[in-house]
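In: Here's my sequence, what's the structure:
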Amino acid sequence: MRRRSVGASFSGTNLERAGDHNQRVTLQAIRARGPVTRIDLAEVTGLTPPAVANITKRLMDLGLVSEAGRLYGGRGQPAMTLVANPEGCFAIGVHIDRDHITATLVDFAGEVRARASQEIAFPLPEDVSRFWAGDGGRGLLAALPYPDRLLGVGVALPDDFGKVALPNRPASFEAWNTLEPASLFALPGGPPVFVENDAAAAALAELQFGHGLRKPSFFYILIAAGLGGGMVIEGEHFRGDDGRSGELGFLPMRNAPAGASVQSVVSMSALFARLEAGGFSVVDPGALLDLPAQGQALIGAWIESAADALIDPMVNISCLINPEAVYLGGRLPAEIVDRLAAALNSRLDALTGIPAMAKARRAATSADGPAIGAAILPIIDQLLPSRATLRKVATP
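Out: Alright, predicted model coming up:
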């Protein structure tokens, strides 16, 4: 039997000057497995019990970890269990897309403490600035229970934001091509700002707060105005040479007009265009389930077309990466995502000759995945483990 990887996130190290890394992996183990005893932490991380005792004391002093009660039933004195303190730190995540702006205030447990969102077609930088100056920024900061525990602001948006041609994109949208998004959120003396691709951010949210805590190798498909993907291998997001891994939407389709890509079918833009051609104008994805029978029939037809378009990408993903699962996320209602996953899986079940086929299922952090993932960026940077952190610590 092959040993299944539990991911790099729980692996301690004895490298010189790696104390910060060991603290990060211990904290991650508490987040993922808590309530957990110190003895269990030593087994999971490979660190010595005295090292775990020192690290957990520091984490408790920092307010990141708290005691959850004693574990009874074993031999000897009942052991104290530890959990991550949800109020140990906070971060703000902002998702900017071609059809909306969403901001979330997230605590250390991944719970959304406050949220602001605006449905807006192709928001320009000045639209985002107004949103941030109102409910998206000041409103969320007003809901922050401990201002000194705000670690930073994360921003998620698609790559080539102002370049990719989508239906009804205005010429003025090219303003994004010459703008650094972080500049819209930077404040003098304020918290740091991090920027990431929205599909990658959604994959990180799933890794840190969703199914990825138990299945650390997966592919995330973000169905938004366009279509994106994020690849997580053994608990680490794989960026690729240019940071462009997972660009599912640009894959060409077989038996389609020249230049047609997967996102020309599998995207909310494609779904809304199909509905508009049928006489239904939809702005808010939450309204999709309220459409009459004719509209529901159009949604059903889109689901069938989207499942067909995703067969080849799913086969490629399974053969090249061999993930434990493929998660479907985005702002589509959960019922529609579940129907798409079921339609896709039924097609995949009929295939033969594939060594191992991952199944599609709805992501745990679906609707606000990119915004939540954006919020995790400063938390990862300052508190949680990554291979990049280990390399930095271990460098003389």
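
In: Okay, helices next: where are they in this protein?
Out: Secondary structure of the chain (DSSP state H): helices located at 19-33, 38-45, 49-61, 125-133, 140-142, 198-209, 268-277, 293-321, 334-349, 369-382, 387-394.

In: and the second one, what's its mean pLDDT?
Out: Put plainly, it is helix 38-45. The pLDDT scores in helix 38-45 average 93.

In: Now tell me what touches that helix from outside.
Out: Identification of contacts with helix 38-45 by C-beta atoms under 8 Å, 6 or more residues apart in numbering yields 10-12, 22, 25-26, 29-30, 33, 36, 47-49, 51-53, 56, 79-80, 82. To be clear about C-beta, it is placed using only N, CA and C from the backbone, and glycine gets the same treatment.

In: now the angle from it to helix 19-33?
Out: 110 degrees (axes from the mean of the first three to the mean of the last three C-alpha atoms, to 10 degrees).

In: re the thing from before, need the helices of the chain in CSV with distance to Ile92, can you?
Out: Formatted as CSV, those follow (distance: least, C-beta to C-beta, whole Å):
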stretch, distance to Ile92
helix 19-33, 19
helix 38-45, 30
helix 49-61, 23
helix 125-133, 10
helix 140-142, 6
helix 198-209, 13
helix 268-277, 24
helix 293-321, 32
helix 334-349, 25
helix 369-382, 6
helix 387-394, 22
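
In: picking up where we left off before, may I see the ChimeraX selection of the buried members of the contacts of helix 38-45?
Out: To isolate the buried ones among these in ChimeraX, judged by 16 or more other C-beta atoms under 10 Å, type:
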select :10,11,12,22,25,26,29,30,33,36,47,51,52,56,82
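
In: Tell me which stretches of the stretch 101-250 of the chain form strands.
Out: Assigned by DSSP state E, counting those that start in this stretch, the stretch 101-250 of the chain shows strands spanning 112-119, 150-157, 193-197, 218-223, 227-233, 236-237.

In: Of all those, which one is nearest Leu291?
Out: Closest approach to Leu291 among the strands of the stretch 101-250 of the chain is made by strand 112-119 (16.6 Å; C-beta to C-beta).

In: got a pLDDT number for Leu377?
Out: Per-residue pLDDT puts Leu377 at 94.

In: wait, it sits on Gly154?
Out: Yes - the criterion here is C-beta atoms under 8 Å, and Leu377 meets it with Gly154 at 3.7 Å.

In: any residues in contact with both of those two?
Out: Ala91, Gly93, Phe194, Glu196, Ala201.

In: Sweet, I'm off.
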